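[1] here's my sequence, what's the structure:
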Amino acid sequence: MVEIEKEAPDFTLKSSDGRDVSLKDYIGKKVVLYFYPKDNTPGCTKEACQFRDNINSIEANDAVVIGISLDDSESHKKFIEKFNLPFVLLSDPDAKVSTEYGVYKEKNMYGKKKMGIERSTFVIDRKGIVKKIFRKVKVDGHVGEILKVLEEID
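    Numbering: from 1, shown residues only. Coordinates of the predicted model:
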């Protein structure tokens with residue numbers, strides 16, 4: 001299980017443009033690593049657009065945004081193009097990384113139980129150490145919470 005003040009587990013996943021992206025590629029930068037349920041759904045679109053709309057403030061804190069869902073690279077590519085998202089989205093089709101980060105859980109959707117991603121964000125410092133974990137994220141106001149954390153960490 002991922003814990004605050006511990007090293008964030010490294011991973012390598014495919015991006016929307018087919019590249020292999022590893023968390024360790026971002027050592028030296030702060031990372032906002034967010035897990036979300038599904039491309040092009042109302043809550044996930046709102047969350048992604050709030051990251052997009054605040055990207056200048058995030059980057060001013062020497063941070064990058066990385067989104068992860070179970071969607072494939074082609075779905076991510078369309079989502080990025082449709083909403084002009086200026087950050088990388090990674091595909092975790094077998095939920096390996098989502099499971100390692102403790103965000104792949106049984107969810108109750110309209111009375112049916114199914115496995116899926118619980119909306120969660122991890123803020124990681126320049127050395128790869130987890131500084132803050134947000135679980136069961138409520139989209140409204142979330143980016144503001146993240147910006148506060150980014151300002152507090154080195």
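[2] number of nearby residues for the residue nearest to Arg52 when sequence neighbours are not counted?
    Closest residue to Arg52 apart from its sequence neighbours, by C-beta to C-beta, 6 or more residues apart in numbering: Leu85 at 5.4 Å. The way it works is simple: take the backbone N, C-alpha and C, and place the C-beta from them, glycine included. Counted with other C-beta atoms under 10 Å, the neighbours of Leu85 add up to 20.
[3] show me the contacts for Val88.
    By C-beta atoms under 8 Å, 6 or more residues apart in numbering, the residues touching Val88 are Ser15, Ser16, Val21, Val64, Val65, Ile66, Gly67.
[4] before we move on, the earlier item: can you pull the contacts of the residue nearest to Arg52?
    Leu85 sits next to Ala48, Cys49, Phe51, Arg52, Gly67, Phe79 when contact means C-beta under 8 Å, 6+ apart.
[5] the fourth one: which element?
    Going back to what we said before, that points to Arg52. Taking DSSP states H and E as the criterion, the element that holds Arg52 is helix 42-53.
[6] elements contacting whichever helix or strand comes after that helix?
    Using DSSP H and E, the helix or strand that follows helix 42-53 towards the C-terminus is helix 55-60. For helix 55-60, the helices and strands in contact under the criterion 3 or more C-beta pairs under 8 Å, 6 or more residues apart in numbering; DSSP states H and E are strand 63-69, helix 142-152.
[7] any idea of the mean pLDDT for the longest one?
    For helix 142-152, the mean per-residue pLDDT is 95.
[8] so which elements touch it?
    Helices and strands touching helix 142-152, as assessed by 3+ C-beta pairs under 8 Å, 6+ apart, comprise strand 30-35, helix 42-53, helix 55-60, strand 120-124, strand 130-134.
[9] with just CA atoms, put that helix into CSV.
    C-alpha atoms of helix 142-152 as CSV (Å, rounded to 0.1, in the frame of the first residue of the first chain):
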residue,chain,number,x,y,z
HIS,A,142,-9.8,19.5,-5.7
VAL,A,143,-7.3,21.4,-7.8
GLY,A,144,-7.2,24.2,-5.1
GLU,A,145,-6.3,21.6,-2.5
ILE,A,146,-3.5,20.2,-4.7
LEU,A,147,-2.1,23.7,-5.4
LYS,A,148,-1.8,24.3,-1.6
VAL,A,149,0.1,21.0,-1.2
LEU,A,150,2.4,21.8,-4.1
GLU,A,151,3.3,25.2,-2.6
GLU,A,152,4.1,23.5,0.7
